[in-house]
Each structure stands twice: as structure tokens, then as C-alpha cells.
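Engineer: structure of the sequence below:
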Amino acid sequence: MNFLESVQMAGKTLISNKLRSVLTMLGIIIGNSSVIAMIGIGEGGQKFVSDQLNSLGPNVVFVIPGNEEVQRVSRDVVRTLVLEDANAIDTQVPTIAETTAELNSRQVVTYKNRNTNVNIIGTTPSFLKVRDFEVATGRFFTDIDMKRSNQVVVLGGKLKEKLFGDKNPISQPIRIKNTSFQVIGVLTEKGSNLGVNYDDSALVPIMTAANRLVGKTSPYGLEVTYIVASAKDADSVDAAEFQITNLLRQRHKLVGENDFTIRTQKDALETVGQISGALTIMLTGIAAISLFVGGIGIMNIMLVSVTERTQEIGLRKAIGATQQDILLQFMIEAVIVSVIGGVVGTAVGVGSIMLVAAVSPLEASISFVSITMAVGISGGIGLFFGVVPARRAAQLDPIVALRSA
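Structural biologist: Numbering: from 1, shown residues only. Prediction:
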């Protein structure tokens, strides 16, 4: 028999036992679809988080009060940064393009009979450039608003919808902590960043927030929740981190450990990459077990098939079929089952990725490398686990096979 005849005979045998063939493929289908889906969803999740971090602003550097040890063991709000630190960074660090500071608090915002408890962010006019936001309607507050502590407010897109619906909010008065503010602008919606949803927040000049809403609590100046700086370019981020550290240590007259922590976009992306990579490997490993179990299923069914087809094997060997012919036919059957299971599993896996992308914010990330590997591995599994049954069939004595049939 030539190779084509062996393939045709293997195909006819599998078609004549449809249910058994489908059940044999099931383990491979589940394994392949799980591997492809896990890799695709993992890559989509990593890209989603990376996009969220990139949306924080170009080349951002976060300066957070308290060192890592203090942040880990203390639940109290650490206050070691003041507005003058932000001004010093802006003027004395040459690798920094823009700097802003934020003073955050939760307050009740009221417009007529509507009210909601939201995050109030006191910040500076440079907020837009540093955090890469845009004003959809109206304007942002200016340096004059800052100096005069004007009671003006810029609303996030979702907060505007809650309070005003389709009505134009510009020049309308709202109350924050029983203090009247005039709406001067609305931000373009951008989504939440690291747990802070700016779309559902209200932004006011930082001096207004300090004087009217929070109050000064430090003899060293206006305490801020954190400082955000934007490096001039991606290559300047590491240098900016080093220079900011030296400047703040001098300003705070530190001898021992820092009383602040610096975080960069690069650090966050690396951490996210490591975590998502480890999770993807773990989930893929778990899914790969299904492929192994599917391979064992193939071997089991093929062994049963050898037993059932003992008479056929004996007849074929009696009329001249060699051990190689019998070996080739059973191995081809195992590979066909595995490859078809791999193709069907690939379709199911890709469909799962598309479904997840349709009902969640994750993008569909279909890796052709993972598809090729999954199908190739499934074919290899069929070849590997088909060897034992195929050899057993090939080594049957034709006389014994005919007698036992």
C-alpha cells in the first residue's frame, strides 16, 4: 500500500466509527481551545492594562508620600510632600517638561435636587499636559484662578451626565461641601486610571481645594496627595527619577531612608508584564494538561480499536500487508484524529477570544504563533500516543489474529 491508500483507508475507518472518533477528538479539542483562549485572553489583558497605563500621560513620573515600608505597614495617610516640592521639581529638574500636584478628597457635589459623593481633585493648570487630558467643553482653570483661589470647577464627563444630563453645564453653579462653585469646563472621557476615575471626578484649583475644602495642615506648606511629573522624552525618565530623588532628599534634609516613593510608567509596565506573563504561563500549563489527557484518550481508544479490528489486521497481513503498512495506517488514524481535533479546537479557542472581546473591554488578541504551536503539538501528540497501539497492531501474528477473531 502506498501512503495515499493508507490515508484513504484511515479516513474511511474513522468515518465508519463517527461517535468513537468524535469522543477521541474531544480531549484534543478542549486542550487546543483552552491553550489558544488562555494565551489570547492573557495577551489581550496585558494590552488593556498597558493602554490604561499609557493613558496616564506621556512619560509620567509619580512621586508618592512615604517610602515603600511605611506604605506597606501603615493604613494612615502619609503626608510628606507639599506643593513647593512640585514647584521645585518643575523649575530645578532639567529632564522634566511639566509638573502638577493633586490634593484629593471625597465630597458631596450638589446641583439643584441632584447630589453625589465623588472624588474632588485639587490640581494645577499643567494637569492637562502632564496627564494627557483634553477639555471637551469650556475651558480649564488658569494661573489666575489658582492665585485668586477662584471657586471654579471642571467636571468629568460622567459626573456632568449625572448632574446635568443633556443640559449645558457651563456657567452653572454647583455646591461642593456647601460651597458654591461655577462650572467652567468638562473633560473628555478617558476612563479610570489606577483606581481613580477622572470621568466621575470634579477638578478645582489646588489652592481653592486647600482653602475652601480641605484646609492647610502642615507648617511646611500645602500638603498634596501626590506629585506627577512628565519627563521630556522616554529616554529621560530614568534620569528624571534620579534627579527628583536627589532634589527631594535635599529639600527634606534626609539622612536615612527616603520619605517618598517614585514610580514610573516603565516600572508599572514591567510589573504588569511580569504578572500577566506568569498568569498566562500558569493558565496555559493547566490547559496543556488537557492536551496530554487528550493524547492518553487517543491511545486508549486506539488500543480498543486494535482489539476490535484483530480480524481485519490478520486478513490484511495474510494477503501480504507488512508490519510497516499496518503501523502506518494506525499512526495515520491517530494523527488525523489529533489534527482535526486541533483545527476544531483552534476554531473554538478563536471564537472564545472573540466572544470575550465582544462582552468585555479586552481586545481580541489572536496569536498565530500560538495557533500554529497548538495545532502542531496536537498532531505531535497524536503521533506520539499513536505509536504504542500502532506497534501493537503491526506486531500481531496473522494466524493468531485470525484464530482470535
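
Engineer: list the contacts of whatever helix or strand T91 lives in.
Structural biologist: Using DSSP states H and E, T91 maps to helix 83-92. Residues lying outside helix 83-92 but in contact with it, judged by C-beta atoms under 8 Å, 6 or more residues apart in numbering, are 63, 96, 98-101, 124, 126, 206, 220-222, 224, 227, 229, 244, 247-248, 251. Yep, even glycine has a C-beta here, placed from its N, CA and C like the rest.

Engineer: now it, how far from the chain's geometric center?
Structural biologist: Centroid displacement of helix 83-92 relative to its chain, using C-alpha atoms, centre = their mean, to the nearest Å, is 34 Å.

Engineer: return the set of buried residues in that helix.
Structural biologist: L83, D85, A86, A88, I89, D90 (16 or more other C-beta atoms under 10 Å).

Engineer: G273: which of the residues you listed is nearest?
Structural biologist: Within the buried residues of helix 83-92, proximity to G273 (C-beta to C-beta) peaks at I89, which comes in at 27.7 Å.

Engineer: what's the pLDDT at the nearest residue to the closest one once chain neighbours are set aside?
Structural biologist: Leaving aside its sequence neighbours, I89 sits nearest to T99 (C-beta to C-beta, 6 or more residues apart in numbering; 4.9 Å). pLDDT recorded at T99 is 94.

Engineer: can you give me the strands in the stretch 1-150 of the chain?
Structural biologist: With DSSP state E, counting those that start in this stretch as the criterion, the stretch 1-150 of the chain has strands at 60-65, 96-111, 114-123, 135-138.

Engineer: tell me which of those strands sits most buried.
Structural biologist: Of all these, strand 60-65 has the most neighbours on average by mean count of other C-beta atoms under 10 Å, namely a mean of 22.

Engineer: and it, what does it pack against?
Structural biologist: Strand 60-65 is packed against strand 226-231, helix 237-251, strand 260-264, with contacts defined by 3 or more C-beta pairs under 8 Å, 6 or more residues apart in numbering; DSSP states H and E.

Engineer: mind redoing it with 10 Å?
Structural biologist: helix 83-92, strand 96-111, helix 127-131, strand 226-231, helix 237-251, strand 260-264, helix 265-308 (3 or more C-beta pairs under 10 Å, 6 or more residues apart in numbering; DSSP states H and E).

Engineer: now the third one - C-alpha only, PDB.
Structural biologist: Backbone C-alpha positions of helix 127-131 (Å, rounded to 0.1, in the frame of the first residue of the first chain) are rendered in PDB as follows:
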ATOM      1  CA  PHE A 127      -2.700  68.900  34.800                       C
ATOM      2  CA  LEU A 128      -3.900  68.700  31.200                       C
ATOM      3  CA  LYS A 129      -0.400  68.400  29.700                       C
ATOM      4  CA  VAL A 130       1.000  66.100  32.300                       C
ATOM      5  CA  ARG A 131      -1.900  63.700  32.500                       C
END
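
Engineer: show me what that helix is packed against.
Structural biologist: Using 3+ C-beta pairs under 10 Å, 6+ apart: helix 127-131 touches strand 60-65, strand 96-111, strand 114-123, strand 179-187, strand 226-231.

Engineer: 8 Å instead, please
Structural biologist: strand 96-111, strand 226-231.

Engineer: remind me which residues of the stretch 101-250 of the chain are low pLDDT?
Structural biologist: 191-195, 215-219 (pLDDT under 70).

Engineer: make TSV from the strands of the stretch 1-150 of the chain and add distance to N197 to it.
Structural biologist: As requested, the strands of the stretch 1-150 of the chain are exported to TSV (distance: least, C-beta to C-beta, whole Å):
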stretch	distance to N197
strand 60-65	17
strand 96-111	12
strand 114-123	7
strand 135-138	16
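
Engineer: of all these, which one is nearest T264?
Structural biologist: Between these, strand 60-65 lies closest to T264; by C-beta to C-beta that is 5.3 Å.

Engineer: average pLDDT across the closest one?
Structural biologist: 89.

Engineer: give me the sheet partners of that strand and which way each runs.
Structural biologist: strand 226-231 (antiparallel), strand 260-264 (antiparallel) (DSSP bridges).

Engineer: highest mean neighbour count out of these?
Structural biologist: Highest mean neighbour count among those (mean count of other C-beta under 10 Å): strand 226-231, with a mean of 25.

Engineer: out of the strands of the stretch 1-150 of the chain, nearest to L315?
Structural biologist: strand 60-65 (76.3 Å).

Engineer: I'd like the helices and strands packed on helix 127-131 as a markdown table, with distance to I120 appended.
Structural biologist: As requested, the helices and strands packed on helix 127-131 are exported to a markdown table (distance: least, C-beta to C-beta, whole Å):
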| stretch | distance to I120 |
| --- | --- |
| strand 96-111 | 5 |
| strand 226-231 | 15 |
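
Engineer: for R212, find the nearest of those.
Structural biologist: That would be strand 96-111 among the helices and strands packed on helix 127-131, by C-beta to C-beta, at 10.2 Å.

Engineer: so which elements touch that closest one?
Structural biologist: helix 83-92, strand 114-123, helix 127-131, helix 157-164, strand 173-176, helix 206-208, strand 226-231, helix 237-251.

Engineer: reformat those as a markdown table; add distance to L283.
Structural biologist: A markdown table is the format used below for those (distance: least, C-beta to C-beta, whole Å):
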| stretch | distance to L283 |
| --- | --- |
| helix 83-92 | 42 |
| strand 114-123 | 34 |
| helix 127-131 | 34 |
| helix 157-164 | 33 |
| strand 173-176 | 45 |
| helix 206-208 | 44 |
| strand 226-231 | 34 |
| helix 237-251 | 32 |
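
Engineer: go through those and name the closest to L355.
Structural biologist: The nearest among those, by C-beta to C-beta, is helix 157-164 at 27.2 Å.

Engineer: and that closest one, what other elements does it pack with?
Structural biologist: strand 96-111, strand 114-123, strand 179-187.

Engineer: what angle sits between that helix and strand 179-187?
Structural biologist: 130 degrees (axes from the mean of the first three to the mean of the last three C-alpha atoms, to 10 degrees).

Engineer: who's in contact with helix 157-164?
Structural biologist: Looking at what lies outside helix 157-164 - C-beta under 8 Å, 6+ apart - the contacts are 109, 111, 114, 116, 118, 136, 155, 169, 172, 174, 186-189, 197, 199-202.

Engineer: check stretch 11-18 too.
Structural biologist: S21, S305, E333, I336, V337.
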